[in-house]
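Engineer: The sequence isn't on hand, but the structure is:
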DNA sequence: CGTACGTCCAATGTATACATAATTGCCACA
DNA sequence: TGTGGCAATTATGTATACATTGGACGTACG
């Protein structure tokens, strides 16, 4: 693999894991010495990180890991809502109903197992749930069959992976989230774009509220929002 | 201005204008000689173009201007629909009603002037319309106040600017488009997210149909889409 | 004591030289 | 004549050296 690619992968992982915290400067010489290579591939890697929003220019000189705070949770969810809804709508129209019906079945099963006592050490509902969610995301993306939608989604998902570190998950929400995901899969399997949109909107609203409940209220400055008047 | 920035601006403009057609190889040495600089900043510029989707790796060797065909129109409009709807929804909730009411008034005025005979050489409805649309896009983005939404939108808009060259605009649609834009502005000014969404969805559907009507039907391979069953 | 200007330094931006890999063309052999 | 392999060439990937810029620190003056 090319050196620039290795450095990019490594720096990206460290930023997403929080090992390189927001505000940390990404000096070319420092990183090139750390990786034992020259500045050129490091420079390319940092450029890619900046293009994706994981890093940004520091006042015209120097690149730093970009800052993400709890203030970013709401705007990121707004974009995610737009993209996930469209993906679910397209999947409902284009996907294989049987595939999503099967996913819905398995998600409902996992959701039920959260409440029941465990039957064996093999039975790990959270792990099974995460696996299924990932599988459904891939299925929806594949069914939507839209490369640009994929690209936009992956950018937002990457940022959301960062903010997720700011507000640790509430274990008690996993069962509810699993049921919501099952509803999404079920809606997609029916072929109704409207139903799929409703299911996604519901799930993301709950997920956002859960995240904000744990996130400390930030200083004022929040954008004023008029109430909906339908 | 930095050399890499100049090269990036120039190459980007040439790609968007079609001077560098899809499939054209972007050789580092060739471009560095053309601009009279070294390979390093050229390499950086081409890297940025590739990151934005205007160019792409050619099998592992060489970077070429990415291909856009009429097949891309529908998927691009699907992403644009998702983003524009969300932007309009947020603008309806957060924007200044008076600002968008004023935009609606001016758009309705321009729409009317398309049909009436011109009163002077100064009266150029298309130019006025384009100016107003741009103004409204900026107003919606500003009201939505979501940097990530802006970033995603600008990427899609750039690609759409390329495909627009493939299917020249229908002058007779401008008047209808102006009325649709006026409806969007009016909907946003009422503060109703639902109404704004409906207006944007209507406009983009018409715009897409107009574009596809002029675009030649491509060879099979189009993704099958089940009909909506609400 | 505070501010403003100048010099120095360090990090980025650019150029060039070297290494490496892939494609293409040519030659030999079947 | 076609195919396969090898070599040469060319373009990219990486390293290093040089240029430039922006900031920081120190000093001098108000």
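Structural biologist: Now that the structure is in, tell me what you want to look at. These figures come from a predicted structure and were not determined experimentally.
Engineer: For the most centrally placed residue in chain A, what is the enclosing helix or strand?
Structural biologist: The residue lying closest to the centre of chain A (C-alpha atoms, centre = their mean) is residue A:157, at 3.0 Å. According to DSSP states H and E, residue A:157 maps onto helix A:147-163.
Engineer: Whichever helix or strand residue A:12 is part of and DNA strand C, any residue contact?
Structural biologist: In this structure, residue A:12 sits in helix A:3-17 according to DSSP H and E. No - taking C-beta under 7 Å from any atom of the strand as the criterion, helix A:3-17 and DNA strand C are apart, separated by no less than 10.7 Å. All C-beta spots, glycine's among them, are computed from the backbone N, C-alpha and C.
Engineer: angle of that helix against helix A:147-163?
Structural biologist: Here helix A:3-17 runs at an angle of 50 degrees relative to helix A:147-163 (axes from the mean of the first three to the mean of the last three C-alpha atoms, to 10 degrees).
Engineer: which outside residues touch helix A:3-17?
Structural biologist: Residues outside helix A:3-17 that contact it (C-beta atoms under 8 Å, 6 or more residues apart in numbering or on different chains): A:20, A:26, A:31, A:35, A:37, A:40-42, A:44-46, A:48-49, A:54-55, A:65, A:158, A:161-162.
Engineer: Kindly recompute the last result at 6 Å.
Structural biologist: A:20, A:35, A:37, A:41, A:42, A:44, A:45, A:48, A:54, A:65, A:161 (C-beta atoms under 6 Å, 6 or more residues apart in numbering or on different chains).
Engineer: Can you tell me how far residue A:210 is from chain B?
Structural biologist: 20 Å (C-beta to the nearest C-beta, to the nearest Å).
Engineer: I'd say that residue and residue A:174 touch.
Structural biologist: No - under the criterion of C-beta atoms under 6 Å, residue A:210 lies out of contact with residue A:174, with a separation of 10.3 Å.
Engineer: Provide the contact partners of stretch A:106-114 at residue level.
Structural biologist: So stretch A:106-114 is contacted by A:125, A:128, A:129, A:132, A:175, A:178, A:179, A:181, A:182, A:185 (C-beta under 6 Å, 6+ apart).
Engineer: residues in chain A within reach of DNA strand D, list them.
Structural biologist: A:2-5, A:37-41, A:44, A:59-61.
Engineer: Let's see that with 6 Å instead.
Structural biologist: A:2, A:3, A:4, A:37, A:38, A:39, A:40, A:41, A:59, A:60, A:61 (C-beta under 6 Å from any atom of the strand).
Engineer: and the last one, which of the three is it?
Structural biologist: The three-state label given to residue A:61 by DSSP: H, G, I helix; E, B strand; the rest coil is coil.
Engineer: Now do the phi/psi pair for it.
Structural biologist: phi -140, psi 120 (degrees, to the nearest 10).
Engineer: how many neighbours does residue A:164 have?
Structural biologist: Using other C-beta atoms under 10 Å in any protein chain shown, residue A:164 has 13 neighbouring residues.
Engineer: That should have said residue A:75, apologies.
Structural biologist: 18.
Engineer: Likewise for residue A:49?
Structural biologist: 22.
Engineer: Now for it: which residues touch it?
Structural biologist: By C-beta under 6 Å, 6+ apart, the neighbours of residue A:49 are residue A:55.
Engineer: returning to that earlier point: by pLDDT, give me the weakest of the residues of chain A next to DNA strand D.
Structural biologist: Lowest pLDDT of the residues of chain A next to DNA strand D: residue A:60, 73.
Engineer: Touching the helix or strand containing residue A:211 from outside, list them.
Structural biologist: Here residue A:211, judged by DSSP H and E, is contained in helix A:193-214. The contact list for helix A:193-214 (C-beta under 6 Å, 6+ apart) reads A:73, A:77, A:81, A:84-85, A:88-89, A:92-93, A:167, A:170, A:173, A:180, A:183-184, A:187-188, B:228, B:230.
Engineer: Among the residues you listed, name the buried ones.
Structural biologist: When the contacts of helix A:193-214 are checked for burial by 16 or more other C-beta atoms under 10 Å in any protein chain shown, the buried set is A:73, A:77, A:81, A:84-85, A:88-89, A:92-93, A:167, A:173, A:180, A:183-184, A:187-188.
Engineer: Please flag which of those sit within helices.
Structural biologist: A:73, A:77, A:81, A:84-85, A:88-89, A:92-93, A:173, A:180, A:183-184, A:187-188 (DSSP state H).
Engineer: Tell me the secondary structure of residue A:23, please.
Structural biologist: Under three-state DSSP, residue A:23 comes out as coil.
Engineer: That one: what's its closest spatial neighbour, skipping adjacent residues?
Structural biologist: residue A:64 (5.6 Å; C-beta to C-beta, 6 or more residues apart in numbering or on different chains).
Engineer: Specify the beta-bridge partners of the one you found.
Structural biologist: residue A:25, residue A:56 (DSSP bridges).
Engineer: got a list of what residue A:171 touches?
Structural biologist: Residue A:171 touches nothing, counting by C-beta under 6 Å, 6+ apart.
Engineer: what's the most distant pair in the contacts of helix A:3-17?
Structural biologist: For the contacts of helix A:3-17, the farthest-apart pair by C-beta to C-beta is A:37 and A:161; their separation is 26.9 Å.
Engineer: more neighbours, these two?
Structural biologist: When neighbours are counted by other C-beta under 10 Å, residue A:37 and residue A:161 differ, and residue A:37 comes out ahead with 16 against 11.
Engineer: What separation is there between that one and DNA strand C?
Structural biologist: 13 Å (C-beta to the nearest atom of the strand, to the nearest Å).
Engineer: Checking that residue next. Helix, strand or coil?
Structural biologist: Going by three-state DSSP: residue A:37 is coil.
Engineer: now it, nearest residue through space, not along the chain?
Structural biologist: residue A:3 (4.9 Å).
Engineer: Repeat that for residue A:141.
Structural biologist: Nearest to residue A:141 is residue A:150, by C-beta to C-beta, 6+ apart, at 5.5 Å.
Engineer: Now do the one you found, the pLDDT please.
Structural biologist: Looking at residue A:150, its pLDDT reads 97.
Engineer: Against residue B:79, how distant is it?
Structural biologist: Look at residue A:150 and residue B:79: by C-beta to C-beta, to the nearest Å, they are 10 Å apart.
Engineer: Need the phi and psi values for the residue of chain A positioned farthest from its centre.
Structural biologist: Using C-alpha atoms, centre = their mean, the residue of chain A lying farthest from its centre is residue A:38. It sits 33.2 Å away. In terms of degrees, to the nearest 10, the main-chain angles of residue A:38 are phi -90, psi 180.
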